[in-house]
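>>> show me how the following folds:
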Amino acid sequence: MKKLFLLLVVLVAAISCQDNKITIKGHVKFTDPDMKMTLFRFKDHGRDTLAVVPIDENQNYTITVKIDEPDVYTLDCGMWEKVSLWAEDEDMTIDFRGVDTAAIKIKNPPFEIIKGSPKNDLMNDLNFNNFRNYQQMIAISQAAYRAAFASPADKDGLTKALYDANFEDVSAREKYLLDRYAGSPSTLAIIKMLDPIRDEELINSALDEIEKANPGYAPAAAMRAQKAEDKERKMRMMVGQPAPLFTCPSIDGGELGPENFKGKLLLIDFWASWCGPCRGEIPNLKETYDKFKDKGVEFLSVSIDKSEEAWKKALAEEGTPWPQVLAPNAGAEVMDKYQFSGIPFILLLDQEGKIVAKHLRGEAIGRTIGDLLDGFMPGEREKAEEQKAAKPAAAVPAAAPAGMTPATPVKSVPATAIKPH
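Below is the predicted model of the structure:
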């Protein structure tokens, strides 16, 4: 019923915008032969292309398209640069630098401004926010790479802490933009990115502002319905919930899925042959598998490769000894069920098939499995050890001189209380 309602509000939005044609034009400073501009958007876990046009001999381009649904669209400049824009009922101009002319080409495109479209003022601010976030992540990675650390774990810990701090800064700026542009239809571009559980109050408040400023605005109703559905789906993947069931063809023939491993602690690794970080994680997975394979722990790797040949070739190269399956349709169904878009995506299920940990990498994989086998939920052992280390030792009173009563012991207090991170 909820899906039917969502379909209806989207249909109303499409009908209300059926006559909206917009023109996007601009100049590209540096071009390649046969270079093209592509306008598309991401929809239903896929890419919906609206237009592909050439750049003319004067290095200009023009795109005229009908916008059926107001939304965030992406304009790609010859695969060198991309700009996110709000497409609804306004024309706009976007100039690009284009081809990287440096001797050593690095994929770090500049920030480009959308001109002539008031509804894209927010997108300019949001794009700049994302641009600076990307630059900051590069700077953090480079600083961590060059720095000396006592151990790889210290390096990973500091890098993650800096990434987390950067994420909090980006989130704060996004919330500021929601306030600054409150009521503007283009704030849907930010609402779309907000977490349906963590940011539920903020989402509802922002949607209320849009509907107050634009009575009957169908895209806002569609977003509200979508976020409600997203919340339900996300709650189904929370720790403690039964993992979604699936079966996929196995490298050895037949079908395998989580249900086949009930009664065992199960690690599921979603990966692909073309994914560098996935392949980089395999040596660690092998070591962890060898350590725990005789202790009631099973592994299942689920490839989202499009090519069965590429998958089999990678398996032969890696020599992974645990069960391997290939998800149909490049993993579209399992990605939707398990709600991930990036790989590797590694999670653990308990003996009953319930989710106990997600987004595991590196040393955390073996540590978490060890904790679970010892009866600790993820993170419980560390908390217990921190509390034990922080607990002050009882003060021992000095012996009193003869004839005197010992003083009342004074509880020792740490010099500085530091909140653990």
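
>>> would you mind splitting this protein into its domains for me?
2-234, 248-381 (automatic domain parsing).

>>> all helices of the stretch 301-421 of the chain, in order?
All helices of the stretch 301-421 of the chain, identified by DSSP state H, counting those that start in this stretch, fall at 308-318, 332-338, 363-373, 380-390.

>>> will you turn those helices into a markdown table that also has mean pLDDT?
Output for the helices of the stretch 301-421 of the chain, formatted as a markdown table (pLDDT from 0 to 100):
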| stretch | mean pLDDT |
| --- | --- |
| helix 308-318 | 97 |
| helix 332-338 | 93 |
| helix 363-373 | 94 |
| helix 380-390 | 71 |
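
>>> any chance of those in a markdown table with distance to A153 and mean neighbour count as columns?
In this view, the C-beta of every residue, glycine as well, is placed from N, C-alpha and C. Shown next, in a markdown table, are the helices of the stretch 301-421 of the chain (distance: least, CB to CB, whole Å; neighbours: other CB atoms under 10 Å):
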| stretch | distance to A153 | mean neighbour count |
| --- | --- | --- |
| helix 308-318 | 25 | 15 |
| helix 332-338 | 28 | 17 |
| helix 363-373 | 6 | 18 |
| helix 380-390 | 13 | 11 |
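
>>> next, the angle from the longest helix anywhere in the chain to helix 363-373.
Ranked by number of residues, the top helix in the chain under DSSP state H is helix 152-180. If you take axes from the mean of the first three to the mean of the last three CA atoms, to 10 degrees, helix 152-180 sits at 100 degrees to helix 363-373.

>>> go through helix 152-180 and flag the buried ones.
Neighbour-count burial for helix 152-180 flags D156, T159, L162, N166, V170, S171, R173, E174, L177, L178 (criterion: 16 or more other CB atoms under 10 Å).

>>> now render the residues you listed as JSON lines, adding distance to R279 and pLDDT.
Below are the buried residues of helix 152-180 laid out as JSON lines (distance: CB to CB, whole Å; pLDDT from 0 to 100):
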{"residue": "D156", "distance to R279": "19", "pLDDT": "77"}
{"residue": "T159", "distance to R279": "21", "pLDDT": "83"}
{"residue": "L162", "distance to R279": "26", "pLDDT": "87"}
{"residue": "N166", "distance to R279": "27", "pLDDT": "87"}
{"residue": "V170", "distance to R279": "29", "pLDDT": "89"}
{"residue": "S171", "distance to R279": "31", "pLDDT": "90"}
{"residue": "R173", "distance to R279": "35", "pLDDT": "93"}
{"residue": "E174", "distance to R279": "33", "pLDDT": "93"}
{"residue": "L177", "distance to R279": "38", "pLDDT": "95"}
{"residue": "L178", "distance to R279": "39", "pLDDT": "95"}
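
>>> returning to what we had before: contact partners of the next helix or strand after the longest helix of the chain?
Sequence-wise, the next helix or strand downstream of helix 152-180 (DSSP states H and E) is helix 188-191. When contacts are defined by CB atoms under 8 Å, 6 or more residues apart in numbering, helix 188-191 is touched by residues 70-72, 84, 86, 122-123, 126, 174, 177-178, 203, 206-207, 210, 219-220, 223, 227.

>>> can you rerun that using 6 Å?
V72, W86, E174, L178, I203, A206, M223 (CB atoms under 6 Å, 6 or more residues apart in numbering).

>>> while we're on the last one, how confident is the model there?
Looking at M223, its pLDDT reads 96.

>>> who's in contact with it?
Contacts of M223 by CB under 6 Å, 6+ apart are L188, I191.

>>> can you tell me the SS state at it?
Counting by DSSP: H, G, I helix; E, B strand; the rest coil, the backbone at M223 sits in helix.

>>> now it: how far from A314?
Distance of M223 to A314, given as CB to CB, to the nearest Å: 39 Å.

>>> for the second one, same thing?
Distance, W86 to A314, by CB to CB: 40 Å.

>>> check the fifth one too.
The spacing between I203 and A314, counted by CB to CB, is 40 Å.

>>> with the third one instead?
In this structure, E174 and A314 are 38 Å apart, going by CB to CB.

>>> any weak-confidence spans in the stretch 251-400 of the chain?
Along the stretch 251-400 of the chain, segments meeting pLDDT under 70 span 386-387, 391-400.

>>> which parts of it are strands?
255-256, 265-271, 297-303, 324-326, 345-349, 355-357 (DSSP state E, counting those that start in this stretch).
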